[in-house]
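> here are the coordinates; sequence isn't available:
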């Protein structure tokens, strides 16, 4: 029997004073098996991979799955793969999923759903976390017992709706996870570039400098005591991502101060050994933030790109050096800034530094764009979670277990202010459209719609966006009709960010300054600065670059060879594009396509390196 019980986040609340039909009040112990951890003797610990991975508590929890450094040859309590790990000692409430069999110590509990639906249990524990924390005991170190966990009460929906709820929330988590994985790949690329030019291919003749010669260590910034400023807690600094997981406003007392473009290196054990490091991008322009005294702040000097400091700080060589310099009492050892200042490295020629700067700039722009999308999706998930779990918002489902598709549910029930799909958000598109108009114009030159469209395509490519999913093959090359016909262009004009000149041209509007704050917030600024190189490029050349790049991306997606010949054949095979080969033969010919591939390879090396066949760029 099908039900349609969907409420809406926007508009009137659908919360009922009665328990929703089919829901029942239960205790956690009734629906889940709870296995409290027990610590083995330390003599059975090792770091050689002998036995099972061992987690005493949440110290090596990841975003969703833990990582391991310690193993146990004689485990007492074991969490099975797929079970939910819950931190029961301070800090209480951190949650991960066991990605293999794990020996768990007394700081953890492993929970297993009695109906096999651990995916729902994972989100349920996130929902119940605050309630559980409020029941923790211990005057100094908070803790929760098995009895406390077992007795937590909540409303439980029917099994089909549990699965539907888990499907919706997992859909968002999967998108977040994909973006995190993309960022790990991008960070890996950045580190590979640094290693190639500063470590693996360094030459004897290069000059040797100390880190303090090319970077400011703990640079001086001003904050007055009691001043409200952005605060970054050490616990929010990640071990596998440049971007911290949260920050807040707080009165300044004492601590290390930093600005955008600084790298924060955790200097205290075990945070340094675990790799806690971040690159600051979350402040307003010229804003000074602050945090723990256990940070070392690194800011690169010219001519190095600011992100160089983060990439350097993540290398094994640097971390080994910093760790070897630690001193102090056992368990509270610290690396000292004056020692880190002495780290030596060979400096490559200026041309290599400039080449690396160019590539790091592109990588950082994509990292920031992904991080902004992650924050938006997390906000959406965290908004939906309590509303789904308390029955305020319902997911359609059938007893045959055919639930409403997660994507449909999210698009129908999320309020517009959350901006569910950051890349396609109308307002974001309006802001980017305005920025592209500004980047491609000056007082005497106003770009037309075709020019803006191709320039916006290139800007999105620079930021690592899914252009294949957004753009269609139209006569003038890749084209996204949604920008003109579904709101963004209209929003930009209505808000005064741009204004029309005649029927097809644009220039900056009287309120463009209002759009600029969003360009920085959404991570578009660097891409638009990069785009200015094309300000006076001919329309035909922009069309050629966008068309060839789109063709290359689609060929790669299909697993086909990329070459001058395959690109031309791709264009010839499309009814809309094949006309280019005749009507615009002065541009769409083998020699010009070869030129375009060469230009694109320098613009997007992460796409084109090792993917071109038979293309010689000499001469």
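Received it, and whenever you're ready, just let me know what you need. Given the structure is predicted, the values throughout are model-derived calculations rather than measurements.

> C-alpha from now on. contacts and neighbour counts both.
OK.

> mind listing what the residue nearest the centre of the chain touches?
Nearest to the geometric centre of the chain sits residue 371, at 3.2 Å (C-alpha atoms, centre = their mean). For residue 371, the contact set (C-alpha atoms under 8 Å, 6 or more residues apart in numbering) comprises 179, 243.

> try 10 Å this time
By C-alpha atoms under 10 Å, 6 or more residues apart in numbering, the contact set of residue 371 is 176, 179-180, 183, 241-245, 365, 377, 522-523.

> Buried ones in the helix or strand harbouring it, by neighbour count?
Residue 371 belongs to helix 350-389 when assigned by DSSP states H and E. Across helix 350-389, burial judged by 16 or more other C-alpha atoms under 10 Å covers 353, 356-357, 359-374, 376-378, 380-381, 384-389.

> Please apply the same query to stretch 328-337.
Going by neighbour count (16+ other C-alpha under 10 Å), the buried part of stretch 328-337 is 333, 334, 335, 336, 337.

> Name the nearest residue to the third one, sequence neighbours excluded.
The spatial neighbour of residue 335 that comes closest, neighbours along the chain excluded (C-alpha to C-alpha, 6 or more residues apart in numbering), is residue 326 at 4.2 Å.

> Test my guess that that neighbour contacts residue 336.
Yes - counting by C-alpha atoms under 10 Å, residue 336 is a contact partner of residue 326 at 6.9 Å.

> list the residues that contact both of the two?
With C-alpha under 10 Å, 6+ apart as the test, residue 326 and residue 336 both reach 267, 268.

> show me where the stretch 201-350 of the chain has helices.
Remark: helices assigned in the stretch 201-350 of the chain by DSSP state H, counting those that start in this stretch are 211-214, 271-274, 308-314, 316-324, 337-340, 350-389.

> oh sorry, the question was meant for the stretch 351-500 of the chain
Under DSSP H, counting those that start in this stretch, the stretch 351-500 of the chain gives helices at 406-413, 426-439, 449-462, 467-470, 481-485, 488-494.

> out of the ones you listed, which comes closest to residue 232?
helix 426-439 (26.9 Å; C-alpha to C-alpha).

> could you give the angle of that closest one to helix 449-462?
110 degrees (axes from the mean of the first three to the mean of the last three C-alpha atoms, to 10 degrees).

> what's the offset of helix 426-439 from the middle of its chain?
Computed by C-alpha atoms, centre = their mean, to the nearest Å, the separation of helix 426-439 from the middle of its chain amounts to 22 Å.

> Against which helices or strands is it packed?
For helix 426-439, the packing partners by 3 or more C-alpha pairs under 10 Å, 6 or more residues apart in numbering; DSSP states H and E come out as helix 449-462, helix 481-485, helix 488-494, strand 498-501, strand 505-508, helix 512-521, helix 525-531.

> Identify, from the buried residues of stretch 328-337, the entry nearest to residue 304.
Among these, residue 337 lies closest to residue 304 (C-alpha to C-alpha), at 20.2 Å.

> quick one: low-confidence parts of the stretch 1-150 of the chain?
Residues of the stretch 1-150 of the chain meeting the criterion pLDDT under 70: 1-17, 135-142.

> Would you map the helices across it?
Remark: helices assigned in the stretch 1-150 of the chain by DSSP H, counting those that start in this stretch are 28-31, 118-133, 146-151.

> what packs against the longest one?
It stands for helix 118-133. helix 28-31, strand 84-87, strand 95-97, strand 108-113, helix 146-151, strand 153-156, helix 159-194, helix 350-389.

> please redo it, this time with the cut-off set to 7 Å
With contacts taken as 3 or more C-alpha pairs under 7 Å, 6 or more residues apart in numbering; DSSP states H and E, helix 118-133 sits against helix 159-194.

> State the mean pLDDT of the helix it packs on.
For helix 159-194, mean pLDDT is 89.

> Tell me which residues of it come out buried.
Neighbour counts over helix 159-194 (16+ other C-alpha under 10 Å) mark 159-173, 176-177, 179-180, 182-184, 186-187, 189-194 as buried.
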